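Enquirer: Sequence first, then the predicted structure:
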Amino acid sequence: MLFPTNYDRVDAERVRILDYIYEPAEAAPVGAVKVFAVFAGAGDSLNAEDINWTASFNVLSNDYGVDTALDVGSLAITSQSVFWFSDNTCCLIVNFRIPDSVVFNSASIPEQWTSIILAEYQSQIPDFIKTFSKRDLISFTHSLAKSAKKWGKTLKQYPSLEDSLLQTDTLYSLYKNSFMQYIPAMLQFLTVKIWLFSEIRGVLKVRSTYSVRYNRCFKDIPGSRVYANINPVIDSIGIYKVYEPDPLSFDPAEGKYNYDFIRLFGGKHDPFHDSIQPVKIDKKCSYFVAGSAGGKDTSLTIQSALQSGAPTVEGFTTQWYFQLNQKEIADVSPYDYMNIMGMGGFIEALYPPEDDRVQTFTLWLEVSDFLLNEINRPQGSFLREVRGRFKW
């Protein structure tokens with residue numbers, strides 16, 4: 001989709017996709033998944049019948065630049081509904097399940113699965129595991145994962161039962177004594193992508209990527225060193241009014257400038273507040289949009305998984321969007337609209353409108369997580385909407 005105007009700006013006449021939020025941020029085979037497809041602009045009045053969903057559960061993706069769907073078919077939706085963020089935003093909720101066979105059928109895992117392992121790490125995997133065929137490795141991990149969910153649930157509630165499990169459950173004993181230290185790496189080798197396609201009103205086509213892996217099955221077993229990704233949590237959104245003209249950047253922690261912070265809320269749909277906050281404009285001041293988010297996860301890079309290294313804390317990146325009141329901008333040049341200089345940060349320069357007829361705005365913050373060097377790492381995301389009003 002082309003954006004002849006600023007990407008950050010949402011225009012009323014165009015359907016804009018703000019985010020596809022997956023809950024959970026990752027799933028194992030047979031897991032239930034809920035997708036929150038959030039739209040604004042001309043998408044604020046979408047209904048379930050406006051979107052045709054298809055999917056590929058066999059995506060070929062490798063280090064040589066190949067990234068393609070081998071099989072595309074209708075998405076088996078278990079249920080769908082509409083949730084309204086506000087008058088400006090629509091969210092379509094789609095529920096589906098991950099097929100039990102998705103890892104078995106993925107062409108991303110080569111028949112010679114050990115070719116995924118870099119040469120310098122080949123010695124980290126013992127020969128008795130490397131002799132497994134692709135299907136045998138997946139079958140064993142698949143069976144282990146089903147039992148691991150029960151073990152994790154039991155041991156989370158009753159840690160003292162581990163000795164009993166070791167004596168009575170042969171598979172658990174095999175896992176603890178022979179496989180546990182290798183599982184974090186094996187789960188990365190067996191992580192696969194799926195693609196969801198949505199065709200909106202027969203015009204706009206969107207592709208969204210989701211990662212499937214067995215981590216959620218193992219994460220609660222004590223000492224497993226297996227982590228599952230969760231979506232970020234957006235704590236607050238607001239605007240800094242900085243009493244300094246045109247600073248190159250702003251960080252309140254530095255204490256270089258005096259400032260006020262105007263916290264923004266989302267109107268009647270926001271659980272914290274129901275008012276639209278005024279932002280007083282002063283030509284001698286500078287303005288910055290700001291957000292904060294929590295819920296950072298830790299996980300293992302493939303190097304840490306293979307070498308029993310320490311976990312790494314994920315990072316966050318942002319995307320800001322805004323929409324202006326259609327009536328207020330009817331006779332205003334686009335060059336006089338507000339603008340955000342978005343560079344993927346939580347504090348970004350905000351340039352207020354040059355025309356005082358532009359007064360009200362809607363602002364969205366999308367936060368996504370990332371961690372480098374983890375194979376096909378699932379990406380979590382979250383979105384929050386707020387509103388404000390310029391006061392001249």
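Expert: Right, received. Where do you want to start?

Enquirer: Please enumerate residues in contact with stretch 83-92?
Expert: With contacts defined as CB atoms under 8 Å, 6 or more residues apart in numbering, stretch 83-92 is touched by 18, 36-40, 43-48, 51, 80-82, 93, 266-269, 323, 362, 364, 385. Any C-beta I mention is one placed from the backbone N, CA and C, and that applies to glycine too.

Enquirer: Strands of the stretch 151-300 of the chain, start to end?
Expert: 192-200, 204-212, 233-242, 259-263, 277-280, 286-294, 298-299 (DSSP state E, counting those that start in this stretch).

Enquirer: Any chance of a markdown table for these, columns mean neighbour count and mean pLDDT?
Expert: As requested, the strands of the stretch 151-300 of the chain are exported to a markdown table (neighbours: other CB atoms under 10 Å; pLDDT from 0 to 100):
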| stretch | mean neighbour count | mean pLDDT |
| --- | --- | --- |
| strand 192-200 | 20 | 96 |
| strand 204-212 | 17 | 95 |
| strand 233-242 | 19 | 96 |
| strand 259-263 | 14 | 95 |
| strand 277-280 | 15 | 90 |
| strand 286-294 | 21 | 96 |
| strand 298-299 | 18 | 97 |
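
Enquirer: surely Y210 meets I194?
Expert: Yes: the pair Y210 / I194 is scored as a contact, 5.2 Å apart, by CB atoms under 8 Å.

Enquirer: Tell me the residues that contact both of those two, please.
Expert: Joint contacts of Y210 and I194 (CB under 8 Å, 6+ apart) do not exist.

Enquirer: ok, back up a step: just put the strands of the stretch 151-300 of the chain in JSON lines and tack on distance to E26.
Expert: Listed next are these as JSON lines, based on distance: least, CB to CB, whole Å:
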{"stretch": "strand 192-200", "distance to E26": "11"}
{"stretch": "strand 204-212", "distance to E26": "6"}
{"stretch": "strand 233-242", "distance to E26": "16"}
{"stretch": "strand 259-263", "distance to E26": "32"}
{"stretch": "strand 277-280", "distance to E26": "36"}
{"stretch": "strand 286-294", "distance to E26": "18"}
{"stretch": "strand 298-299", "distance to E26": "11"}
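
Enquirer: Let me know which of those strands is the nearest to A69.
Expert: A69 sits nearest to strand 192-200 of all the strands of the stretch 151-300 of the chain, at 5.4 Å, using CB to CB.

Enquirer: measure the closest residue in space to Y175 that isn't next to it in sequence to V94 for me?
Expert: Nearest non-adjacent residue to Y175, counting by CB to CB, 6 or more residues apart in numbering: L144, 6.1 Å away. Computed as CB to CB, to the nearest Å, the L144 to V94 distance reads 30 Å.

Enquirer: burial count for the nearest residue to E26 once chain neighbours are set aside?
Expert: Using CB to CB, 6+ apart and skipping the chain neighbours, the partner closest in space to E26 is P378 (3.7 Å). Neighbours of P378 under the rule other CB atoms under 10 Å: 25.

Enquirer: From I194, how far out is P378?
Expert: From P378 across to I194, the span is 11 Å (CB to CB).

Enquirer: Also V102?
Expert: 7 Å.

Enquirer: again, but for D50
Expert: When CB to CB is the yardstick, D50 and I194 sit 23 Å from each other.

Enquirer: shared neighbours of P378 and I194, anything?
Expert: Y210, S211.
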